[in-house]
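Undergrad: pasting the sequence and the predicted model now:
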Amino acid sequence: VRGLALLKIAHFEFKTIDEANDLAKVLANACVKPDQAVTGISELLINAVEHGNLGISYEEKSRLVAQDIWKQEVHKRLSLNEYKDKKVSVYFKRDGNKNRILIEDQGKGFEWKNFLELDPTRAFDTHGRGIAMAKMMSVDEINYQGCGNKVELVIQGN
């Protein structure tokens, strides 16, 4: 979408995984290689919902995926009083030839250092590779801040 090349600064808020996927497509289209960028952006936006705002731990997700009830659990938590008003804030800024995307959820954070690289002990898990894959193939930089509920992606712009 050519018009996105004109985008300089933007602020978005969302709550659901569907909204995360929609926003990932918009943000990726502001990048030089949208097909490459969309995967990494999507992974980190979804993480902000499921692990951040909804508090689904790595172990819980493993169990939910194995029982094929992950989607149901996400939908259930989105309707609970504890979680229903939580949102993810996303700030986009074009900085010269780079796009900076700051993602901030309202969760407690997590031990993000354990997920920046592919871990052989998790090689056969059904999840847990999104951050490392994003870092390797989709984005130029991933910079977590503080407790892990805020992350900046740096991606080549248009």
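TA: Cool, got the structure. Residues are numbered from 1 along each chain as shown.

Undergrad: so which helix or strand takes in Val90?
TA: Counting by DSSP states H and E, the element that carries Val90 is strand 88-95.

Undergrad: ok, then the element right after that strand?
TA: If you walk from strand 88-95 toward the C-terminus, the next helix or strand you reach (DSSP H and E) is strand 98-104.

Undergrad: how far off strand 88-95 does that following strand point, in degrees?
TA: Counting by axes from the mean of the first three to the mean of the last three Cα atoms, to 10 degrees, strand 98-104 lies at 160 degrees to strand 88-95.

Undergrad: paired strands for strand 98-104, with orientation please.
TA: The strands beside strand 98-104 in its sheet (DSSP bridges) come out as strand 88-95 (antiparallel), strand 150-156 (antiparallel).

Undergrad: now those in TSV, with mean pLDDT, distance to Leu78 and mean neighbour count?
TA: Every residue, glycine included, has its C-beta placed from N, CA and C. Written out in TSV, the entries for those read as follows (pLDDT from 0 to 100; distance: least, Cβ to Cβ, whole Å; neighbours: other Cβ atoms under 10 Å):
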stretch	mean pLDDT	distance to Leu78	mean neighbour count
strand 88-95	96	12	18
strand 150-156	91	21	19
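
Undergrad: hmm, back to that, and the strand holding Val90, C-alpha only, in PDB?
TA: Taking Å, rounded to 0.1, in the frame of the first residue of the first chain, the C-alpha atoms of strand 88-95 are listed here in PDB:
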ATOM      1  CA  VAL A  88      -1.900  -3.500  24.000                       C
ATOM      2  CA  SER A  89      -0.500  -0.100  22.900                       C
ATOM      3  CA  VAL A  90       1.500   0.100  19.800                       C
ATOM      4  CA  TYR A  91       3.500   3.100  18.700                       C
ATOM      5  CA  PHE A  92       4.900   3.400  15.200                       C
ATOM      6  CA  LYS A  93       7.600   5.900  14.200                       C
ATOM      7  CA  ARG A  94       9.500   6.200  11.000                       C
ATOM      8  CA  ASP A  95      13.100   7.200  11.900                       C
END
